[in-house]
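Engineer: Dropping a prediction and its sequence here:
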4 protein chains.
Amino acid sequence: MKGYGVIKVGRPGWLEKEKPVAGPLDAIIRPTVLAPCSSDTHSMHGGAGPKENLILGHEAVGEVVETGSMVRNFKPGDKVVVPCVTPDWTGRYIQEGKYNAHDNGLMGGFKFLLSKDGTFAEFFHVNMADANLVGLPENIAPEAALMTVDMMSTGFHVVELADVSYGETVVVIGIGPVGLMAVAGAQLKGAGRIIVVGTRPNCVKIAKEYGANDVVSYKDGDIVEQVKDLAGGKADKVIIAGGNAATLTQAILMVKPTGIVSNVNYYDAADTFTVPAPTWGLGMANIDIRGGFCPGGAVRIEKLINVIKHKRIDPTKLITHRFDGFEKIEDAFMLMDKKPPDLIKPAVFIKW
Amino acid sequence: MKGYGVIKVGRPGWLEKEKPVAGPLDAIIRPTVLAPCSSDTHSMHGGAGPKENLILGHEAVGEVVETGSMVRNFKPGDKVVVPCVTPDWTGRYIQEGKYNAHDNGLMGGFKFLLSKDGTFAEFFHVNMADANLVGLPENIAPEAALMTVDMMSTGFHVVELADVSYGETVVVIGIGPVGLMAVAGAQLKGAGRIIVVGTRPNCVKIAKEYGANDVVSYKDGDIVEQVKDLAGGKADKVIIAGGNAATLTQAILMVKPTGIVSNVNYYDAADTFTVPAPTWGLGMANIDIRGGFCPGGAVRIEKLINVIKHKRIDPTKLITHRFDGFEKIEDAFMLMDKKPPDLIKPAVFIKW
Amino acid sequence: MKGYGVIKVGRPGWLEKEKPVAGPLDAIIRPTVLAPCSSDTHSMHGGAGPKENLILGHEAVGEVVETGSMVRNFKPGDKVVVPCVTPDWTGRYIQEGKYNAHDNGLMGGFKFLLSKDGTFAEFFHVNMADANLVGLPENIAPEAALMTVDMMSTGFHVVELADVSYGETVVVIGIGPVGLMAVAGAQLKGAGRIIVVGTRPNCVKIAKEYGANDVVSYKDGDIVEQVKDLAGGKADKVIIAGGNAATLTQAILMVKPTGIVSNVNYYDAADTFTVPAPTWGLGMANIDIRGGFCPGGAVRIEKLINVIKHKRIDPTKLITHRFDGFEKIEDAFMLMDKKPPDLIKPAVFIKW
Amino acid sequence: MKGYGVIKVGRPGWLEKEKPVAGPLDAIIRPTVLAPCSSDTHSMHGGAGPKENLILGHEAVGEVVETGSMVRNFKPGDKVVVPCVTPDWTGRYIQEGKYNAHDNGLMGGFKFLLSKDGTFAEFFHVNMADANLVGLPENIAPEAALMTVDMMSTGFHVVELADVSYGETVVVIGIGPVGLMAVAGAQLKGAGRIIVVGTRPNCVKIAKEYGANDVVSYKDGDIVEQVKDLAGGKADKVIIAGGNAATLTQAILMVKPTGIVSNVNYYDAADTFTVPAPTWGLGMANIDIRGGFCPGGAVRIEKLINVIKHKRIDPTKLITHRFDGFEKIEDAFMLMDKKPPDLIKPAVFIKW
C-alpha cells in the first residue's frame, strides 16, 4: 500500500509498505478525512529524534475495513473517529488514573509516529479498537470530529492542567490551532479576561471569536510587561501553546504566586530552559509548572465530540485550507511545513 | 431608621430600628439596588426557624456611608457590591481553605438574617469591609453586579461542587434563578448536554439561552425515566436547585456510578430524606452527594463580576420585574412571596 | 472440579463444576491461600440478590496453572496475588480515570460472585491477567499479601474517600477487619486523633495497635454524643465500616460542616436511609457523603504490598484463625458465617 | 529592649530597639523557647536581599504579655505557640483558599524578617493574634510544639505538594531538619519505599527512625543513577529539601512521567535553574514541578500539634543542641551558622 511520510530525516515523500495486520483486539482503518499537524513536520525534520521510512500522520477520521477476532463494538464499514493517542489501557501509569497518554511510559500512548506508521496511508492500524475508536455521530461533520483528536484534546488539556476557574485572568501564549483551542477551552471553563499573545491576523480574529479579550504581540515589545500592564498585575494562569525555551521563563514571570503555568508546547530536543531562581520566587512561590501530552482513547474523544454536538464550540474555524483526494496529502503536508501566514489547519478529504 | 422584614413569623412589614454602628473593621452601607430572594420569604414564614423583629434582605449593591477606623480600601461615597456571605476571615473552617460560608460553623458567614439585620433598610452593616466589599466597576450595571452576590455565586457553586468537566451530561433540577445560573455555570464549565427539569415558560426560554439543550417537565411523568430516555442512560452529574426531599432520591437515581449529585436547594427543617439503599448502590456506587451554601467575600464576587465584564454571561436576564423607590421593597417582597409564573427575580432601584 | 459456594439461597455446600477456560488475555489460577469474607456469607444468604450454584470466594493468593495466548507477564508456576476487583481496563468509567471497581457499570470490576465463580475452587479464572495479577514478592508472606486484595484495599479506600489530612480528628465506625484497616490507613494519612466505635475486645486491642486513640461503645449510650464529648465537638471526618442504615445518619451528625462522611459498609438491599434535613444542614452544610467499592487491578495491589514491604503496617494481625487444606474452606466459611466474638479473619492454607 | 539579629549584611549581633506595640488585633509575646533556622543565617548573609538593623528569628513558643483591644481568645500570661507564618487572613490570595503563606503576595504571610523584627527579642509582635496564635496544650513539651512552627509545617508541606499516596516510592533529597520532617511526613502519608539523599551520620540515623528505607550519598556517585538503580526505575515523587539549582534537574530526572517534583529548598537569589528540555520530556511528560513556602496560622499549627499529641511522630529528635538563657541566642545562632556535622537543630530555653 501507499503512504506519505519521511524517507529519511529532512526528506518527505511517498512510501510503499505492507498493509498493516490487525491483532485480535485491533482494527484496520481507511482514512476519509486527514489533517497534517506540526508534529508531523517536526518529525520529518528530525526534531523528536531521527526517523526514516515512516508513514506520518496522526489525525484521522475513517472507515473500519477489518477488525480483530475479539473486537465487539465495531465492524467493517463503520465510520470512526481515531484519537491520536490510543493507549494500551492496561498500562501501569493508566492504572493510576491519570494522563492516559503515558500508558506504560513517556508518551507511550502515542503509537502513531512513535511506535508504528501513521495515518497518511491507504490503511492504518489501531490498537485496542473497542476502547480507542469512536463511532462518528450522524449529525457531526467529519472534519469537526477530526479537530477533536489532537487540536481540541491538546488545547483543552492545557486548560485542564491550568485548572482554570470562574473569573480568572488567563494568558494564552501562542495562537496556532492548539492555542486557539486553549482559548476556546478557557472560555468554556468560565475564565474572566483572556489575554492572548500572537500576531497573525486570521489567528487573532479567530481567537477573539473563541473568547479572547485582549491581544499582545511580540512585535510591540516585552510580552511580560504588556501582559502585566493590561492585567493590572500578574495573571492567575498562563498557558503555553507555542514559543521556545525562553517562553517558559516569560510565562512564570507573568503568573502570580499560587498560580499555574501550563504547557503543551513541544520543545525541541536541543532546547534548554534557563530560569533565574527569583523568577520562581526562589522556590517559595507555590507556582506550579505543569505540561503534558494530550489524552486520548474513546471516552475522551466522545466527550469532546459532545462539546461540539451541543453547540458549545465550532472547531472547524481552524480549517483554513481544504484538499480533495488521497494524493493531496503531499500538498497539505508541504503547506503545513511552510506555514504561510494565512494557514491555521489544512484538511484532506478522501473518497475511496 | 426604617427597614422591611418580619415582625413575627408569617407577618412581614416595616420596622423602625436603630441605625447600625460600624466597628473598627466594618462599614455602613445605604442600598441602591436590592433584590428579594426566596430565602427572605422562607425566613418570613419561619422555614429556617422562628424569627421576629428582623430586617430581611441579603442581596444589595449600595453606597458606603461610614467606615470603621481600620478600614483602608473604602471611604464614604464609594459604590460597592455586597456579597450575601461576608465571612469572618479568621474563622477556623476558613483557615482550612474551603467553603468560606462556614467561617466558624454552619453558615456562620451568612450574617444577614442569621445574626443581624439584613439589607432592606436605610442603612445596613457589613463586617470586615476591606475583605468583604467590592468596588462596583464603572462599566458594569449595578443590577448585573447585584446578581453575582447570591444567584450567580450559588448557581456557580453547585456546578463547582459537581466538578463538571468537558463534554459531560449534566442535569439541572429546578430552573428558578439559581437553577438558571447553574445552567449558565455548567455551560461555562464545558458541559456537553445540559438537561433541565422545569416547566415555567419564561424560565425554560432563558434556560435555553443559557445553554440548556433539553427540557423535562414534572407534568410529563417520572423525571428520572424521562432523563434516562433522553440521555440514553444515566447522567454524569445531577444538580439540585429546587424541589423537595424526594428530589434527592430522584437525583441519585439519575446519576451514573462514579457520578456526583450536587445540591443548593435549601430544604425545610421539617423535611426528611428517604433513600433506599439500592438507589445509592448499597453504599458501593462511588456516587458523591454534596451540597452547600454559596461562597462570599470580596475575591469571590470580584471573580464573578469578571465573568460578566468579559461577556461570558448576562445575568440580568433573570430580572423580570423592576421597582423604583425604597418603599417598593414591600411590593417586590410580596411578589417574591407570591411567585407568579412569570417571575424570576425582582429588583428594587433606590435613589436617595 | 470441586468448589465451595452457595447451592441455593441460604444453603452453602460443595459444588462440582467444569474447570474454567482461559481466553487469550486470561489466566487460570489454583489457590494456595484463601480467606472467606463477610460478603461471601452475605451472598450465601441472598443479601445482594438470590444466587444459586455459585462458587464463592474472592480473596486469594495462588499459582498460575494456565495462561491465554496473549498473556505476556505470567506463566504457569508463577505465584500470584489476585485482586478481588479485576477490571476490564477498557471500560468506559475507567477511561474517566476514577474508581476502577466500576469498569463498565456499578461494581462491574467485581467479577467473582457477580459475574462468575469465585476463588473457593480447585481452579479459578482471572480476566486480563497481565493487568490484574501481581507476582508475589519473595519476602512477603502470602497471607500478608492476601490481606491486601480486599481488606486493605477497602479499608484504605474509605480513608482515601475521606481525604484525611494531617492532624484531623477521624472517627471509624465499625472495627471488623475492614474498619481495622481503615484505622491503620488513617494513621498512615497522618490523622491526629482516631476515635473508633466498636466493642469486641480483640478488635479494640488491634485497633489501638493500628493507631486508635479512643474507643466508644454502642453499649455505653448514644455514639454521637460520646464522640462529640470526646472530641470536644464534631469530627473532621467520619468513616463507616460497619453498622446499618441508621449509621449513616449518626455519621453525619458527628461530622462538622465542610467535613466528609465516607462509607464502605455494604448495606442490605432492604435498607433505607432516613436522614432528617437538619442533620445535613438543610442541604447547606458542605458535608460530602461518599461511599464506594474497593479499587483493584495489579498496580493498586502492588502499591499496597509496598506498604507492607516497607514496614508501614502488618496486616496479618487480622488473621485470628488458620486452617490447613482445601477441604477446610468449609470450616472457615462456616466460622465466618457464625462470627464468634474472637474472630477477625480466618485464612485457609492449601498445599497441592 | 534587647534583640539579636543582623547589624548589617554579614555582621550579626545584639541590637537595642523599641518594644513593639500591639494594634487592636495584635499581641506582644515574650519568647520562652526559640530556635534559630538556616533562613535566619541566610538572611544575615544577605541571601534574600540586604538587611540591616533587623532582629532575626521566626520560631518561637512564648508567653503573651499584652493584647490589643479586639483580641478575644488570649490574655497576658497565656502560653502560646507562634507560627512562623502569621497571615493577614483577609488577603486576596488567601480568599482563594490556598497557600496562606502568600496572603497578599509572595511570602506576604511571613512577617518576621520580611516586614518586621523577628522573635530573638525580649518581646515580639504577632498580628491577628486570635487567628495566628495557638494555646500550648498542657501535655505537649514546648520544644516539641516549637518544631511545628516551621520545620514540621515546611517538611509536611512539601509532602502535601507531592501528593504522596499509599505505596508510592518517594525520594527525599536533603535530610537536614526540614528533609527529616519530610521523611516523617511521607511515612505519615503511607509512602512505600522512602529513599533519602544525604550523608551526615546522625541525620541518616534519624531519617531511618522516621521511616527512610534506603540512603544514597552524593559521595558514592551520581545520585540520579543510584536512585534509579535502587528503585528499579524512576520514583513516583521526588522531594527537594536541600541542594542547589542543579538539584532541580536531578529531581526531574529521578521522577517518572506523571510524577511530581516538590520543592521547599530556598534557593539563592543568584541561582539559575538550567534544565534541558528532554529532562522534562520536551514539555510532554506531565511531570508537575511545585514548590512553596510553609503554611501558617493557628489551625495549621494546631493540627500539627495534634499529630504529635496523638503519638504519630516525635519531632524533638531534631533538637541536637540545647541552650539555656536569653543571652545564649547568640551561641545558638553562631552554631547554626557554622553547621557542624552533628548539628540538626539547636533550641534556646529562656526563663524570665
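Structural biologist: Good, I have the coordinates.

Engineer: got the residue ranges for the strands in the stretch 251-352 of chain A?
Structural biologist: A:255-263, A:272-276, A:288-291, A:319-324, A:345-349 (DSSP state E, counting those that start in this stretch).

Engineer: Tell me which of these sits nearest to residue D:236.
Structural biologist: strand A:288-291 (16.5 Å; C-beta to C-beta). Just so you know, the C-beta spots here come from the backbone N, C-alpha and C atoms, and that holds for glycine as well.

Engineer: does chain D sit close to the closest one?
Structural biologist: Yes: Strand A:288-291 is in contact with chain D by C-beta under 8 Å from any C-beta of the partner chain, via A:288, A:289, A:290, A:291.

Engineer: Contacts only, for the last one.
Structural biologist: It refers to residue A:291. Residue A:291 sits next to A:158, A:161, A:240, A:262-265, D:280, D:283-287 when contact means C-beta atoms under 8 Å, 6 or more residues apart in numbering or on different chains.

Engineer: which SS state does residue A:43 fall under?
Structural biologist: Here residue A:43 is helix, with the state taken from DSSP: H, G, I helix; E, B strand; the rest coil.

Engineer: wait, it sits on residue A:113?
Structural biologist: Yes: between residue A:43 and residue A:113 there is a contact under C-beta atoms under 8 Å: 5.5 Å.

Engineer: which residues are common contacts for the two?
Structural biologist: Common neighbours of residue A:43 and residue A:113 (C-beta under 8 Å, 6+ apart) are A:51, A:54, A:56.

Engineer: any idea which of those is closest to chain D?
Structural biologist: Closest to chain D out of the shared contacts of residue A:43 and residue A:113 is residue A:51 (15.0 Å), distances taken as C-beta to the nearest C-beta.

Engineer: what about the closest one, how many residues close to it?
Structural biologist: Applying other C-beta atoms under 10 Å in any protein chain shown, we find 19 residues neighbouring residue A:51.

Engineer: these two touch, right, it and residue A:11?
Structural biologist: No: if you go by C-beta under 8 Å, residue A:51 and residue A:11 don't touch, sitting 10.8 Å apart.

Engineer: what's the pLDDT at residue A:239?
Structural biologist: Listed pLDDT for residue A:239 reads 98.

Engineer: Across the sheet, point out what pairs with it.
Structural biologist: residue A:172, residue A:262 (DSSP bridges).

Engineer: for it, what are its contacts?
Structural biologist: A:158-159, A:162, A:170-173, A:179, A:182, A:186, A:262-264.

Engineer: hmm, 7 Å instead?
Structural biologist: Counting by C-beta atoms under 7 Å, 6 or more residues apart in numbering or on different chains, residue A:239 touches A:158, A:159, A:162, A:170, A:171, A:172, A:173, A:182, A:262.

Engineer: Nearest residue to the third one in space, please, no chain neighbours.
Structural biologist: Read it as residue A:162. residue A:262 (3.8 Å; C-beta to C-beta, 6 or more residues apart in numbering or on different chains).

Engineer: Top of the residues of strand A:288-291 next to chain D by number of neighbours, please.
Structural biologist: Busiest of the residues of strand A:288-291 next to chain D [other C-beta under 10 Å] is residue A:291, holding 26 neighbours.

Engineer: mind checking how far that residue is from residue A:275?
Structural biologist: Distance, residue A:291 to residue A:275, by C-beta to C-beta, to the nearest Å: 14 Å.
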